[in-house]
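**Student:** Fold the following for me, if possible:
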Amino acid sequence: MNFAFTRVGLGRRLAALTLDWLACYAIVAAINGGIGKLGPSNSMPVLAVFFAEVWILSALQGATLGHRIFGMKIVRFVDGGAITPLQALIRTTLLVLVITAVTFDENGRGIHERLSGSVLTKS
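**Tutor:** A predicted model of the protein is given here:
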């Protein structure tokens, strides 16, 4: 039996994702001496910082920086409890593949959420 949750719209999801990506971009830019010093070769470090940020914050707090600011949280789909670190890892790994995050089911969950047993809901 699944708990009742409030769906999160695509606009709010994209806004939180953009904020998380920009925060990670800023971290890599700061490490490299500024935005002017970044080039095309810096996309992998940004992705690595993004992966770490999403995985760690999702596992520990149930929300990334963007999720918190836009009033969302990640919970287990079956009962609404906190997700496990393994669920956060599966969710994050599939999220960075992008295609799994833009394919939704009837519950408004992406493949990355279905395979990790999680759902993004309003907090």
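**Student:** average pLDDT across the longest helix seen in the chain?
**Tutor:** For the chain, the longest helix by residue count, based on DSSP state H, is helix 10-31. Taken as a whole, helix 10-31 carries a mean pLDDT of 92.
**Student:** residues of the helix or strand just after that helix that come out buried?
**Tutor:** Sequence-wise, the next helix or strand downstream of helix 10-31 (DSSP states H and E) is helix 43-61. Buried residues in helix 43-61, counted by 16 or more other C-beta atoms under 10 Å: 45-46, 49-51, 53-55, 57-59. C-betas here are computed from N, CA, C, even on glycine.
**Student:** How about stretch 68-79?
**Tutor:** Per 16+ other C-beta under 10 Å, stretch 68-79 contains these buried residues: 68, 70, 72-77.
**Student:** Which ones among those residues lie within helices?
**Tutor:** Members of those lying in helices (criterion: DSSP H): residue 68.
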